[in-house]
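Asker: Using only what follows, build the 3D model:
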Amino acid sequence: MSFDPRKTMMVNATAALPGRGEAMSVPARHHVLGSAMKPPFPAGLKTVVLAMGCFWGGERLFWETAGVHATAVGYVAGFTPNPTYEEVCSSCTGHAEAVLVIYDPAQVSLEALLGRFWEGHDPTQEMRQGNDVGSQYRSGIYLEDGEDLRQAKASRESYQALLSEAGHGAIATEIRPSGPFYYAEEYHQQYLAKNPDGYCGLGGTGVSCPVGLGAGD
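Answerer: Below is the predicted model:
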C-alpha cells in the first residue's frame, strides 16, 4: 500500500488552513434516533467525543448503544475553524474524524462507552486505522469534565495491560480536554443508516474490555 507520509504528520497552527466563520449546516434531528443533534440537550445528559478512525462506523457503534440520546460526526482537536471534509482529509487542519456521543449517565456509564471505544478499533495504530491512513484517523478521547478525563486515562492504563498481555503494542490514543467540535457535512451524518452497504473500516484487536475497567476510587 502506498501513501503520502506527509498525511501522517500533524500540522501546526501556523501552517493550518484558515477555515471559515460559518458553521456547517446539519439536520435538526438524528436520522435513526429522532433526537436533536445539536445543543441545548435535555438536562442530565453528558457528552464525550471519541475518535477511532473513519467516523461512519464509529457513529453507528454508539447510536446502537442503549442509553445514548444522540450522536453526530464531526471534526475535533485541530486548528482550522469549520473545516470541510476535503480539508480535513488533506491533513492540513489538524483535526481527527470523531463522534459526538450524547448520553444519559443514568442508563449507560462512561465506562461502558469507553469499553465499546477500546474494543471497536485498534488504539495501538498511530495516525491510521487499517487501510485508512492519515492524521484524521488517529485515536482520541475528548472530555469536558476533569473526573471523566481521569477515568478515561485510568481505563487507558488498564486496557494497555490487557493489550500487552495479549502481545499488542502501546496505545497511541490521545486523551485531552474537549475543544471545539465542528459538525461534518449533512451527508456524513448517520451515513451507514442511509447507506447500509457503505464502507466501514473499523476493526478491533480482539481484546475485550470489561465494564468497570479502570474506574478507580
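Asker: contacts, neighbours, all on C-alpha from now
Answerer: OK.
Asker: Next up, the contacts around residue 98.
Answerer: 49, 50, 51, 52, 53, 54, 55, 58, 73, 74, 75, 76 (Cα atoms under 8 Å, 6 or more residues apart in numbering).
Asker: can you pull out the helices in the chain?
Answerer: Ranges of helices in the chain, per DSSP state H, are 55-63, 85-89, 110-120, 146-165, 191-194.
Asker: Of the ones you listed, which stretch is the most buried?
Answerer: Of those, the one with the most neighbours on average (mean count of other Cα atoms under 10 Å) is helix 55-63, at a mean of 24.
Asker: what angle do it and helix 110-120 make?
Answerer: Per axes from the mean of the first three to the mean of the last three Cα atoms, to 10 degrees, the angle that helix 55-63 makes with helix 110-120 is 140 degrees.
Asker: any idea of the mean pLDDT for helix 55-63?
Answerer: In this model, helix 55-63 carries a mean pLDDT of 97.
Asker: neighbouring contacts of that helix?
Answerer: 32-33, 51-52, 68-74, 97-99, 101, 113, 116, 120, 188-193, 199-202.
Asker: thinking again about what came up before, so can I have a markdown table of the helices of the chain showing distance to residue 21?
Answerer: Below are these laid out as a markdown table (distance: least, Cα to Cα, whole Å):
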| stretch | distance to residue 21 |
| --- | --- |
| helix 55-63 | 23 |
| helix 85-89 | 15 |
| helix 110-120 | 31 |
| helix 146-165 | 29 |
| helix 191-194 | 25 |
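Asker: Tell me which of those helices lies nearest to residue 138.
Answerer: Residue 138 lies closest, by Cα to Cα, to one member of these: helix 55-63, at 10.9 Å.
Asker: isn't residue 181 right up against residue 79?
Answerer: No - using Cα atoms under 8 Å as the test, residue 181 is too far from residue 79 to be in contact (11.1 Å).
Asker: so what's in contact with those two at the same time?
Answerer: With Cα under 8 Å, 6+ apart, residue 181 and residue 79 have no common neighbours.
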